[in-house]
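Asks: What shape does this take:
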Amino acid sequence: MRRFTAEAIGTFALVFAGTGAMVSHDVTGGVVTHVGVALTFGLVIMAMIYAVGDVSGAHFNPAVTVGFFAARRLPAADVLPYVTSQFVGACLASVILRGIFPDHAMLGATLPAIGVAETLVLEVILTFFLMFVILGVSTGAKEKGATAGLAIGGTVAMASLFAGPLTGASMNPARSLGPALLGGQMGSLWIYFVAPLIGAGLAVVGCRCTREEGCCTAEARA
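Replies: I've put the predicted structure just below:
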């Protein structure tokens, strides 16, 4: 139960701070800036990895959880509780943001500013990079330690900096679900479920091709 609570809290923090920065940017006329939003996403991920990485592994992302399962680092029995906790945390964050900003239309929803196919491809690639880094710096199914926080937080910030204006740089079904539900922006949500799962799966293949034997096999299960 501690692991699942940690996942809910971490995902809550990600969505509350990250999409909250997007809402704050809108309501203050751009004071936060795009760079500020990107850094917020990266910094909150880094902080939460340091806070609970040794408890739950600090996934905060259903695609990451499924990626760890595909890499045989996470038991099948943990997948559904992890994913459920992440969705609960994300939706709760959006509920609270809706209460604070009742008139805001989008609540930081991820919407394509380019074509659907282009958005799908870009989100797949972004999630590939994220999961590839996560697999490289994690121990088993746990993201923990100074290297993990900096590397993963930096990757999220990097992706948000250059791709945020194009696709939202979600890489995370939970991060997209909360704002979509509370902001009524469900039309493109499927992209932000499908693309991260594909990208995470491809990252597992990339890990097996580049790292030592056993990095993503039954022997590496945590």
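Asks: got the contact list for Asp123?
Replies: For residue 123 the amino acid is Glu, not Asp. Contact analysis of Glu123 by Cβ atoms under 8 Å, 6 or more residues apart in numbering lists 167, 169-171, 191-192, 195-196, 199. Every C-beta, even on glycine, is put in place using the N, C-alpha and C of the backbone.
Asks: so which of those comes closest to Ala146?
Replies: Set against Ala146, the nearest of the contacts of Glu123 by Cβ to Cβ is Met171 (22.2 Å).
Asks: Need the three-state assignment for the closest residue to the closest one other than its chain neighbours.
Replies: Nearest non-adjacent residue to Met171, counting by Cβ to Cβ, 6 or more residues apart in numbering: Thr127, 4.4 Å away. Following DSSP: H, G, I helix; E, B strand; the rest coil, Thr127 is assigned to helix.
Asks: Next, the spatially most central residue of the chain: phi, psi?
Replies: Residue closest to the mean C-alpha point of the chain, counted by Cα atoms, centre = their mean, is Asn172 at 3.8 Å. With angles defined as degrees, to the nearest 10, Asn172 sits at phi -160, psi 110.
Asks: Gly67 is in contact with that one, correct?
Replies: No - if you go by Cβ atoms under 8 Å, Asn172 and Gly67 don't touch, sitting 11.5 Å apart.
Asks: Quick one: neighbours of the residue nearest to the residue nearest to the centre of the chain when sequence neighbours are not counted, just the number.
Replies: Excluding the flanking residues, the one nearest Asn172 by Cβ to Cβ, 6+ apart is Asn61, at 4.3 Å. For Asn61, the count of nearby residues is 31 (other Cβ atoms under 10 Å).
Asks: Tell me how far Asn61 lies from Phe69.
Replies: For Asn61, the distance to Phe69 (Cβ to Cβ, to the nearest Å) stands at 13 Å.
Asks: got it, and Arg175?
Replies: If you go by Cβ to Cβ, the gap between Arg175 and Phe69 works out to 19 Å.
Asks: ok, the two, which is more surrounded?
Replies: Arg175 (31 against 20).
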